[in-house]
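J.: Sequence and predicted structure are below.
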Amino acid sequence: MKKTFLVAAFALIGSAVMAQSGSGFGIKAGLSYNKNGDLISSVGDGGQDIVEGAEGKTGYHFGFWGKLDFPKIYLRPELVYSKTKSSYDVDGNSQDYDISKLDMPVLLGYKLIGPLHIFAGPAFQYTLNNDLGDLQVEDVKNDFTVGLNAGVGVNLGKVGLDVRYERGFSENEAAFIDANVANVEGRVDSRPSQIIFALSLKL
């Protein structure tokens, strides 16, 4: 499945690069401020559910992009490796929930004026790994999920800067067990909700 995802991603980027002489490709990297959804934990068989919200932390990403350029619009597929982190309070202890994934946003952009442009599109996501501190956590229910990217950017020659919001659409949770405290278990939401700052370079 992962191999198919990678082949499809590179094929899409390659077709965007080759389709028009005004197209291009390049590399990108950046930071994100991300927060996942709620963590729900239960103590004992008949215990009441305790719902905790996530505290956002800084993540990062890097990868490749291709661009199919038209007079007022463009199509830009990307393939990036992303590492996100959020923090939860589990039984009085702070636990970081780390998720690493491959993202393939397919963005449709509109050129506003000069170097300024806006964009939006679906983001196809493949979860590589998820880890919740020192707790025993299962893999997410669905390796493949879908989200949305939307943002604004500016191009300065071969350098591009953009800021975007990403939100995961597909409900996707992972179950966990606290091995240090008896009868404490729950589930945590792995859907991203993040603001992403990116720097790109056209090659």
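T.: Nice, I can see it.

J.: State the mean pLDDT of the longest strand along the chain.
T.: Looking across the chain with DSSP state E, the single longest strand is strand 93-113. Mean pLDDT, computed over strand 93-113, is 91.

J.: Each with direction, which strands does it pair with?
T.: If you go by DSSP bridges, strand 93-113 pairs up with strand 73-90 (antiparallel), strand 116-132 (antiparallel).

J.: Could you give me the buried positions within the first one?
T.: What it means is strand 73-90. 74-80, 82-88, 90 (16 or more other C-beta atoms under 10 Å). The way it works is simple: take the backbone N, C-alpha and C, and place the C-beta from them, glycine included.

J.: now swap in stretch 29-42 and tell me
T.: By neighbour count on 16+ other C-beta under 10 Å, the buried set for stretch 29-42 is G30, S32, N34, K35, N36, G37, L39, S41.

J.: now the residues you listed as TSV including pLDDT, secondary structure and distance to F62?
T.: Formatted as TSV, the buried residues of stretch 29-42 follow (pLDDT from 0 to 100; DSSP: H, G, I helix; E, B strand; the rest coil; distance: C-beta to C-beta, whole Å):
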residue	pLDDT	secondary structure	distance to F62
G30	97	strand	8
S32	92	strand	11
N34	82	strand	15
K35	76	strand	21
N36	75	coil	21
G37	71	coil	25
L39	79	strand	28
S41	74	strand	34
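
J.: now, among those residues, which is nearest to L199?
T.: Nearest to L199 among those, counting by C-beta to C-beta, is G30 at 5.8 Å.

J.: what's the spacing between that closest one and V188?
T.: With distances taken as C-beta to C-beta, to the nearest Å, G30 is found 25 Å from V188.

J.: I118 too?
T.: Distance from I118 to V188, by C-beta to C-beta: 33 Å.

J.: which residues pair with the nearest residue in space to G30 that is not next to it in sequence across the strands?
T.: Spatially, and ignoring its direct neighbours in sequence, G30 is nearest to A198 (3.5 Å; C-beta to C-beta, 6 or more residues apart in numbering). Going by DSSP bridges, A198 is paired in beta bridges with G30, D162.

J.: Tell me who's in contact with A198.
T.: Residues counted as contacts of A198 (C-beta atoms under 8 Å, 6 or more residues apart in numbering) are K28, A29, G30, H61, G160, L161, D162, V163, R164.

J.: Same list (those residues) but as a markdown table, adding distance to F144.
T.: Formatted as a markdown table, these follow (distance: C-beta to C-beta, whole Å):
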| residue | distance to F144 |
| --- | --- |
| K28 | 22 |
| A29 | 24 |
| G30 | 23 |
| H61 | 18 |
| G160 | 28 |
| L161 | 30 |
| D162 | 25 |
| V163 | 26 |
| R164 | 21 |
